[in-house]
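Peer 1: turn this into a structure:
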Amino acid sequence: MRKDRSKTPERIERKISAATSISMCALTVVAQIATTLLLTHFLREKATYVYVVLEWIGAIIAIRVYQRPGSPSYKLVWMCLLLAVPVAGMILFCLWGGTHQAKSLSLRKVPPPPIRESARMDSETNIARLTRQSPAWGRLASYLQKSGFRLYRNTQAKYFPDGAAFFDDLVEHLRKAEHYIFLEYYILAEGQVWDRVFSVLKERAAAGVEIHIIFDDFGNLTRLSDHTLQVMQDAGIEVEVFNPVHRYVNRIYFNYRDHRKIAVIDGQYAYTGGINIADEYANLIVRFGHWKDTAVRIDGEGAWGFAAQFIQMWKMMGRTMPNEDDYYRSRCEATGTGWCQPFTDGPLNNPANPIEETYLQLFASAKRFLYITTPYYAVEDGMQRALCIAADAGVDVRLMVPAIPDKKFAYMVAETYWGELLRHGVKIYKYTPGFLHAKSVMVDREVALVGSTNMDYRTFQLHYECGVLLYHMPAVEELLEDMDDIMAQSSLYTLEEWNKRPWLRRMFASILRLGAIWL
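Peer 2: This is a model prediction of the structure:
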């Protein structure tokens, strides 16, 4: 018997609020046109002078945007908008670009759980050992440690090439939980997968296991009913909704989302990757052909990296943990080969951007192979050039993307980048069976990155994201095998195909690229 999916008044309010917020974007354009017409009609001879004043105000704001630290492309879009259509530009800037994210999201800037001195020394020792083996990866690990992310040893990693295997393993380990479970997901959708997961969560909560869940409100606006939310709370599960849409009817803050995928069990097991809790990720329902996604489980010391990140987010949202931070550390000994380094990023870090910098360092350090999977591609010129330079230097650079996109406009924007990549020798593979949602990087069969991070402006500027770097771990080979399988099922995209795109598609895609930060 399916759960009752009736719409509660609160649910209706959230949908109305979301529709209202989205409509405000269109209304800004109307405001621009209306202002011009009103000035022309009522002021006549003085209309030009009034509009010039508005242009000057827009120009002043554009200069302020230019002086702010951050992404050049991101600033360029705001500057063009403010100068071309000052009324609409100023309204949108007040809504999206003019307020610090800490205020706009009502998040408190809370530090992560403190690092023990012994743990800090262990991390430094691990970095020294990694540096002796691979100087380039030692530099990357050292950079991330200075950003607050430790390098762990005594950890094993298990790679999952599809959602079905991931969910089977997740449910199995959830059943073993004795102390606590943390879940943080962009999408937590009702369906067969959620029924399996919730059945275990309910049983574990009844057994006294502490369970905390964070999910993104906008990602679940039509996929998780208030009835289900109430059932979760009635079962004794602590739930926090990230950036509730209905709180911000007058401000378009839903642009900033919690896009992370994290599960932690007793501080011993942690999962991350591109997989959300929803049926399409296990191909129980069909959306955009075969849905290809991946994840990784880390066992041992490295799991604490994700537990600490979850605790920090929980506290940033104004909640408290019922126990001291040390309670959530692992109680088990572990062994493993290689090193792992969990890390996160989000708009509160701006202009610092650990995820984007990590991608750039991976690209620049590649010597033989550089394989990438991503569902979206809209990057800064620096990252585009880094891939081109790597290919020019003789690195085998391969980019794997969907053949069936879920967002056609974003896909058209991605195409505008591919011509330059192809001319420099980057190989582009389109995953023929359907939608490739995996987010991963493999370099020289030595290092792998698996996480929630897309290669686009939203990931690098607007979203809270997470990932894990695996250095010289056996799971790197597991990822490589899966990438080989992806390419075997893909068609190789050529420069000739790119040049044969219809002229209307080329023109429209070029226009869309100007607004890529919002796609």
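
Peer 1: all strands for the stretch 351-500 of the chain, in order.
Peer 2: 369-373, 396-402, 427-431, 434-436, 440-443, 447-451, 465-471, 490-493 (DSSP state E, counting those that start in this stretch).

Peer 1: which helices and strands sit right next to the first one?
Peer 2: In terms of contacts (3 or more Cβ pairs under 8 Å, 6 or more residues apart in numbering; DSSP states H and E), strand 369-373 is packed against strand 396-402, strand 440-443, helix 475-488. No exception for glycine: its C-beta is placed from N, CA and C like everyone else's.

Peer 1: given it, what are its sheet partners and their directions?
Peer 2: strand 396-402 (parallel), strand 440-443 (antiparallel) (DSSP bridges).

Peer 1: most tightly packed of these?
Peer 2: strand 440-443 (a mean of 25; mean count of other Cβ atoms under 10 Å).

Peer 1: hang on, the earlier thing: looking at the strands of the stretch 351-500 of the chain, which is closest to residue 138?
Peer 2: Residue 138 lies closest to strand 465-471 among the strands of the stretch 351-500 of the chain, at 9.1 Å (Cβ to Cβ).

Peer 1: got the CA coordinates for the closest one in PDB?
Peer 2: Extracted in PDB, the C-alpha atoms of strand 465-471 (Å, rounded to 0.1, in the frame of the first residue of the first chain):
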ATOM      1  CA  GLU A 465      29.000  20.200  -2.600                       C
ATOM      2  CA  CYS A 466      31.200  17.300  -1.400                       C
ATOM      3  CA  GLY A 467      33.700  14.800  -2.700                       C
ATOM      4  CA  VAL A 468      36.500  12.500  -1.800                       C
ATOM      5  CA  LEU A 469      40.000  12.200  -3.300                       C
ATOM      6  CA  LEU A 470      41.400   8.600  -3.300                       C
ATOM      7  CA  TYR A 471      45.200   8.500  -3.600                       C
END
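
Peer 1: so which elements touch that strand?
Peer 2: Strand 465-471 packs on helix 135-146, strand 269-273, strand 295-300, helix 303-316, strand 339-345, helix 354-365, strand 447-451, going by 3+ Cβ pairs under 8 Å, 6+ apart.

Peer 1: report the angle between it and helix 354-365.
Peer 2: Calculated by axes from the mean of the first three to the mean of the last three Cα atoms, to 10 degrees, strand 465-471 forms an angle of 30 degrees with helix 354-365.

Peer 1: partner strands of strand 465-471, with direction?
Peer 2: For strand 465-471, pairing defined by DSSP bridges yields strand 339-345 (antiparallel), strand 447-451 (antiparallel).

Peer 1: just the CA trace of the first one, in PDB.
Peer 2: Taking Å, rounded to 0.1, in the frame of the first residue of the first chain, the C-alpha atoms of strand 339-345 are listed here in PDB:
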ATOM      1  CA  TRP A 339      45.100   7.600   1.400                       C
ATOM      2  CA  CYS A 340      41.800   9.400   1.200                       C
ATOM      3  CA  GLN A 341      40.800  13.100   1.700                       C
ATOM      4  CA  PRO A 342      37.100  14.000   2.000                       C
ATOM      5  CA  PHE A 343      36.300  17.700   1.300                       C
ATOM      6  CA  THR A 344      33.400  20.100   0.900                       C
ATOM      7  CA  ASP A 345      32.700  23.500  -0.600                       C
END
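
Peer 1: list the buried residues in that strand.
Peer 2: For strand 339-345, a neighbour-count test (16 or more other Cβ atoms under 10 Å) marks 339, 340, 341, 342, 343, 344, 345 as buried.

Peer 1: now, which of these sits nearest residue 311?
Peer 2: Nearest member of the buried residues of strand 339-345 to residue 311, counting by Cβ to Cβ, is residue 344, at 11.8 Å.

Peer 1: and of the strands of the stretch 351-500 of the chain, who's closest to residue 332?
Peer 2: strand 465-471 (19.1 Å).

Peer 1: just want the angle from that closest one to helix 135-146.
Peer 2: Using the same axes, to 10 degrees: strand 465-471 against helix 135-146 is 140 degrees.

Peer 1: pLDDT averaged over strand 465-471, what's the number?
Peer 2: For strand 465-471, mean pLDDT is 97.

Peer 1: and stretch 395-407, by the same measure?
Peer 2: 97.

Peer 1: hmm, who's touching it?
Peer 2: With contact meaning Cβ atoms under 8 Å, 6 or more residues apart in numbering, stretch 395-407 is reached by 287-289, 366-377, 387, 390-391, 411, 414, 421, 425-437, 483, 486-487, 490-491, 519.

Peer 1: out of the helices and strands packed on strand 369-373, which comes closest to residue 177?
Peer 2: helix 475-488 (22.9 Å).

Peer 1: buried set for the closest one?
Peer 2: Quick answer for helix 475-488 (16+ other Cβ under 10 Å): 475, 476, 478, 479, 480, 482, 483, 486, 487.

Peer 1: how close does the last one get to residue 371?
Peer 2: As defined by Cβ to Cβ, to the nearest Å, residue 487 lies at a distance of 8 Å from residue 371.

Peer 1: same check on the fifth one?
Peer 2: Applying Cβ to Cβ, one obtains 7 Å for the distance of residue 480 from residue 371.

Peer 1: common neighbours of these two, please.
Peer 2: Joint contacts of residue 480 and residue 371 (Cβ under 8 Å, 6+ apart) are residue 442.

Peer 1: could the helices and strands packed on strand 369-373 go into CSV alongside distance to residue 129?
Peer 2: CSV is the format used below for the helices and strands packed on strand 369-373 (distance: least, Cβ to Cβ, whole Å):
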stretch, distance to residue 129
strand 396-402, 28
strand 440-443, 19
helix 475-488, 17
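
Peer 1: of all those, which lies closest to residue 200?
Peer 2: That would be, of the helices and strands packed on strand 369-373 and by Cβ to Cβ, helix 475-488, which comes in at 24.9 Å.

Peer 1: now tell me what touches the closest one from outside.
Peer 2: Contacts of helix 475-488 (Cβ under 8 Å, 6+ apart): 157-159, 161, 292, 294, 296, 371, 373, 398, 400, 429, 431, 436, 438, 440, 442, 445-448, 450, 470.

Peer 1: now, of these, which are buried?
Peer 2: 157-159, 161, 292, 294, 296, 371, 373, 398, 400, 429, 431, 436, 438, 440, 442, 446-448, 450, 470.

Peer 1: returning to what we had before: narrow the contacts of stretch 395-407 to those that are buried.
Peer 2: Burial by neighbour count, 16+ other Cβ under 10 Å: within those this picks out 288-289, 366, 369-377, 387, 390-391, 411, 414, 421, 425-432, 434-437, 483, 486-487, 490, 519.

Peer 1: just the pLDDT for residue 77.
Peer 2: So, for residue 77, pLDDT stands at 70.

Peer 1: was I right to think residue 198 contacts residue 232?
Peer 2: Yes - Residue 198 lies in contact with residue 232 (Cβ atoms under 8 Å); the separation is 7.2 Å.

Peer 1: what residues of the helix or strand in which residue 508 is found count as buried?
Peer 2: For residue 508, the element it lies in under DSSP states H and E is helix 503-514. Within helix 503-514, the residues scored as buried using 16+ other Cβ under 10 Å are 506, 509, 512, 513.

Peer 1: distance of the first one relative to residue 353?
Peer 2: Note on residue 506: its distance to residue 353, by Cβ to Cβ, is 31 Å.

Peer 1: contact partners of stretch 351-364?
Peer 2: Residues contacting stretch 351-364 (Cβ under 8 Å, 6+ apart): 69-70, 136, 139-140, 143-144, 147, 149, 343-345, 370, 380, 382-383, 386-387, 389-390, 441, 443, 447, 449, 453, 455, 459-461, 465, 467, 469.

Peer 1: which of those are buried? Put it as a PyMOL command.
Peer 2: Filtering the contacts of stretch 351-364 down to the buried ones (16+ other Cβ under 10 Å) takes a single PyMOL command:
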select buried, resi 136+140+144+147+149+343+344+345+370+380+383+386+387+390+441+443+447+449+453+455+459+460+461+465+467+469
